[in-house]
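# 3D, please:
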Amino acid sequence: MTRDPLEAVLPEGWPRPRGYSNGVLAPAGGRLLFIAGQIGWDEAETLVEGGFIDQFEQALRNVVAVVDAAGGSPRDLARLRIYVTDRREYLDHLDAVGAAYRRVMGRHYPAMAVLEVSALVEVGAKVEIEATAVLAESSLEEADT
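Numbering: from 1, shown residues only. The predicted structure is shown next:
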């Protein structure tokens with residue numbers, strides 16, 4: 001089943017955002033998938049080595065893995081909420097964040113927010129990403145076949 005893609009919303013007169021969308025309009029008939037906060041750990045629940053960028057990329061890969069398991073793709077992600085424990089570390093590495101993002105997501109930019117938090121539940125985690133995806137109505141059946 002094909003459906004209309006997610007549509008970025010840009011209010012008239014606003015500059016085009018770089019690396020995110022101000023709003024995303026989902027087509028009628030889509031199924032909402034809510035993805036719990038994902039951190040930069042692997043299937044064995046071990047944080048990846050290397051620091052903030054490596055954890056960011058792995059957390060994003062984990063989000064995409066949940067979407068894939070539901071029969072979707074990164075292009076179905078409508079919203080990302082990114083929690084970081086160090087705003088300065090995020091800002092100091094924006095180029096590397098962008099490169100890691102494009103490796104996982106390509107040039108699909110959902111509505112996003114980045115929030116600094118004092119800590120995450122998992123000791124050593126520097127980033128956590130939660131998301132919402134809008135899947136075609138038949139996505140779950142297709143994922144099971």
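
# Any regions of the protein where pLDDT drops low?
Low-confidence segments of the chain (pLDDT under 70): 1-4, 138-145.

# If we use 90, what do you get?
For the chain, applying pLDDT under 90 flags the ranges 1-10, 16-29, 136-145.

# what ranges do the helices span in it?
52-69, 87-92, 94-105, 139-144 (DSSP state H).

# For those, give me a markdown table that also has mean neighbour count and distance to residue 17.
(Glycine included, C-beta is placed from N, CA and C.) Output for the helices of the chain, formatted as a markdown table (neighbours: other Cβ atoms under 10 Å; distance: least, Cβ to Cβ, whole Å):
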| stretch | mean neighbour count | distance to residue 17 |
| --- | --- | --- |
| helix 52-69 | 20 | 18 |
| helix 87-92 | 13 | 16 |
| helix 94-105 | 15 | 13 |
| helix 139-144 | 14 | 28 |
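
# Chain neighbours aside, what residue packs nearest to the residue minimising distance to the centre of the chain?
Nearest residue to the geometric centre of the chain (Cα atoms, centre = their mean): residue 80, 4.4 Å. Spatially, and ignoring its direct neighbours in sequence, residue 80 is nearest to residue 112 (4.6 Å; Cβ to Cβ, 6 or more residues apart in numbering).

# before we move on, back to that, ok, which of the helices of the chain comes nearest residue 128?
helix 52-69 (6.4 Å; Cβ to Cβ).

# which secondary structure elements does that closest one contact?
strand 31-39, strand 77-84, helix 94-105, strand 127-135 (3 or more Cβ pairs under 8 Å, 6 or more residues apart in numbering; DSSP states H and E).

# Figure out which of those is closest to residue 66.
strand 31-39 (4.8 Å).

# what about the residue nearest to residue 80, distance to residue 98?
12 Å (Cβ to Cβ, to the nearest Å).

# Now do the shared contacts for the two.
residue 19 (Cβ atoms under 8 Å, 6 or more residues apart in numbering).
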